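Engineer: sequence and predicted structure, then a few things I'm wondering about:
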Amino acid sequence: MGVVRGISYGLFGPPDDFGPAARRLNAGLVRAYVYWNQVEPEPGRLDWTSVDRLLEQVADGGRLWITVCSSSSWATRTPATFLPPSPPLDPAAYGRFVAELVRRCGEWVLHWQCENEPSNTGLLWAGTAEEYAALLTTFAEAVRSVPGAGHVVLGGIGHDALSTEPGSEQWDFFDTVCSEAGSAFDLVDVHLYDDPRRITGHLAAVRELLDRNGCDQPLVVGEYGGPTFFEFPAAEQAVQAAMMAAFAPGATPLEQDSAGPDETPDRRAMRRLYEQLAELPADLQQFLDGCPPDVAARRDRIACRELVTRNVIVFAEGITTTCYWDLAPEIPDYSDPYNMLGLVSARLALLDFRDGELVDAQPAAGTFRMLAEALAGATAVRRITDGLATGVHAYAVDFGGSPKALQIVWREAGPFAGDEDAPTALDWHWPHHDLHAADALASALELTRSGDRVTVPLSATPLLLSSTPLATVG
């Protein structure tokens, strides 16, 4: 279980020391971004300040996943220092940069990724699928030219593709890449942000993509988190209505007065949502600053619930690496409620800055810490189905012959459903000598036990049953 340290480490301010905070979460991997312009701001002049600081964060045993973006003010078709990156003017120069970066990082990097969600063209990649395939080929050759380098990862398959049907422009993008550069990657990154019940279908769709192009690379999850408004139709509809109003010709005087004539339509849309906060559905209120306390508390509980369910479902699918989005805000003491991207992800950060130090920002931090410790040393997760009623999810974790036992159980429910439903008693077989129990909020529980049977309060909130103590809070 890993975490993402945002998309701009050392880019808009001094690189910070997040390593101790990540270790306190028991994160075994950190994903971060490096930009070509960040390392080589001028031809031949290399600046390793941010890269070396990044390596220091994992110098005592952690590992990195680095997403490399080709953004350059001088070396690419469209000059840029941030996003979106574009194809290099000289592929050989790009290859030399990548090889130098890989050599600099050495054994600390487990995964090397070429760009992020490149099918999201115009925003995260300023080029075609064919151009990305060519870039990926150059990238892989450069990484593999360094002995002992980590795995090459295909740019993430994100919600822009997963939310569409087969044959869409986004899926066609990856079909082209897999067809033209199928041997240029070792792993395929999938990003999982919508309803956790769709995870199995999303993974099946990606595996079908690989199969029809003669590829069989394993999957990894470079981003996940929830709840997000992608899970809530009412929230999506309200956001779409606000966007349509903001982009419509002849915005009302009220909108123009509150937003200012020079503000972008997406920011005007966000202002419109805040003006209507009290009338918005709770499904959308939960993602806005100043939402009712009971809605915020329910959102926090769902975040804890989904952190467990997303990981367990993914691991049961045979995937062994996940990175949560995200560790903490990228800029201390900065908030922009009218940033549309913040609507998606601002409330997912596990930590926040307090007096310059990273501390727990939400209950999900305790959940991550507990689950990561509980899964330490695990070799597989398998679903238990025998004798269980429909809608009951139960999983057993294997620890490679170790006597350690861990099982996780919950009742299926929609994203905002089942949170306050009364639990039902489930008679559960537990043959192990010791029993430690906690719910997904990392709260310890005392369960009734008789011999090898235990009464489990089954609800939509996952319960962890362990033969060893769990890292609970409070």
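Structural biologist: Noted; the coordinates are in hand.
Engineer: for residue 186, give its distance to residue 202.
Structural biologist: 20 Å (C-beta to C-beta, to the nearest Å). Yep, even glycine has a C-beta here, placed from its N, CA and C like the rest.
Engineer: higher neighbour count, those two?
Structural biologist: Between residue 186 and residue 202, counted using other C-beta atoms under 10 Å, residue 202 has the larger neighbour count: 24 against 18.
Engineer: do you know how far the more buried one is from residue 317?
Structural biologist: 10 Å.
Engineer: how about residue 436?
Structural biologist: Taking C-beta to C-beta, one finds residue 436 at 26 Å from residue 317.
Engineer: low pLDDT regions in the stretch 351-474 of the chain?
Structural biologist: Scanning the stretch 351-474 of the chain for pLDDT under 70 picks out no residues.
Engineer: scratch that, the chain
Structural biologist: The chain contains residues with pLDDT under 70 at 250-262.
Engineer: would you map out the domains in it?
Structural biologist: Structural domains assigned to the chain are 2-230+296-374, 237-279, 380-466, following automatic domain parsing.
Engineer: so what would you say the end-to-end distance of the longest one is?
Structural biologist: Think domain 2-230+296-374. In domain 2-230+296-374, first residue to last residue: 14 Å (C-alpha to C-alpha, to the nearest Å).
Engineer: residue boundaries of the helices in the stretch 101-250 of the chain?
Structural biologist: Taking DSSP state H, counting those that start in this stretch, the helices of the stretch 101-250 of the chain run over residues 129-144, 159-162, 169-181, 199-212, 233-247.
Engineer: tell me which residues of the first one are tucked away?
Structural biologist: Residues of helix 129-144 classed as buried by neighbour count (16 or more other C-beta atoms under 10 Å): 129, 131-140, 142-144.
Engineer: likewise the third one?
Structural biologist: Under the neighbour-count criterion of 16+ other C-beta under 10 Å, helix 169-181 has 170, 171, 173, 174, 175, 176, 177, 178, 180, 181 buried.
Engineer: what sits up against that helix?
Structural biologist: For helix 169-181, contacts defined as C-beta atoms under 8 Å, 6 or more residues apart in numbering pick out 118-121, 129-130, 132-134, 136-137, 140, 154, 157, 160-161, 164-165, 209-210, 212-213, 215.
Engineer: starting at the chain centroid, how far to it?
Structural biologist: Using C-alpha atoms, centre = their mean, to the nearest Å, the mean C-alpha position of helix 169-181 is found 22 Å from that of the whole chain.
Engineer: residue 434 is in contact with residue 468, correct?
Structural biologist: Yes - the pair residue 468 / residue 434 is scored as a contact, 7.2 Å apart, by C-beta atoms under 8 Å.
Engineer: who has more neighbours, the two?
Structural biologist: Legend: neighbour count by other C-beta under 10 Å for residue 468 and residue 434, higher for residue 468 (15 against 10).
Engineer: ok, for that one, nearest residue in space, not its chain neighbours?
Structural biologist: Here the nearest residue to residue 468 in space, its sequence neighbours aside, is residue 404; by C-beta to C-beta, 6 or more residues apart in numbering that works out to 5.8 Å.
Engineer: show me the contacts for that neighbour.
Structural biologist: The contact partners of residue 404, taken as C-beta under 8 Å, 6+ apart, are 377, 466, 467, 468.
Engineer: out of those, who's nearest residue 325?
Structural biologist: residue 377 (24.9 Å; C-beta to C-beta).
Engineer: against residue 24, how distant is the closest one?
Structural biologist: Taking C-beta to C-beta as the measure, residue 377 falls 19 Å from residue 24.
Engineer: which one's more surrounded, the two?
Structural biologist: Between residue 377 and residue 24, residue 24 has the larger neighbour count (other C-beta under 10 Å), namely 14 against 11.
Engineer: surely the more buried one meets residue 369?
Structural biologist: Yes - between residue 24 and residue 369 there is a contact under C-beta under 8 Å: 7.2 Å.
Engineer: and residue 87, how many residues sit next to it?
Structural biologist: Neighbour count of residue 87, defined by other C-beta under 10 Å: 20.
Engineer: gap between residue 358 and residue 351?
Structural biologist: 4 Å.
Engineer: overlap in contacts of these two?
Structural biologist: Contacts common to residue 358 and residue 351, judged by C-beta under 8 Å, 6+ apart, are 21, 327, 328.
Engineer: what's downstream of the longest helix anywhere in the chain, the next helix or strand?
Structural biologist: Ranked by number of residues, the top helix in the chain under DSSP state H is helix 293-316. Using DSSP states H and E, the helix or strand that follows helix 293-316 in sequence is strand 323-324.
Engineer: distance from that following strand to the middle of the chain?
Structural biologist: 4 Å.
Engineer: for the remainder of this discussion, apply numbering that starts at 45.
Structural biologist: From this message on, residue numbering opens at 45, which makes the last subject strand 367-368.
Engineer: that one pairs with which strands, parallel or anti?
Structural biologist: strand 46-48 (parallel) (DSSP bridges).
Engineer: and the next element down the chain from the strand it pairs with?
Structural biologist: Counting by DSSP H and E, what follows strand 46-48 is helix 63-68.
Engineer: in that following helix, what counts as buried?
Structural biologist: For helix 63-68, by 16+ other C-beta under 10 Å, it's 63, 65, 66, 67.
Engineer: I figured residue 459 hits residue 276, correct?
Structural biologist: Yes - when contacts are counted by C-beta under 8 Å, residue 459 is listed as touching residue 276 (6.3 Å).
Engineer: tell me, what's touching those two both at once?
Structural biologist: Here residue 459 and residue 276 have no joint contacts, going by C-beta under 8 Å, 6+ apart.
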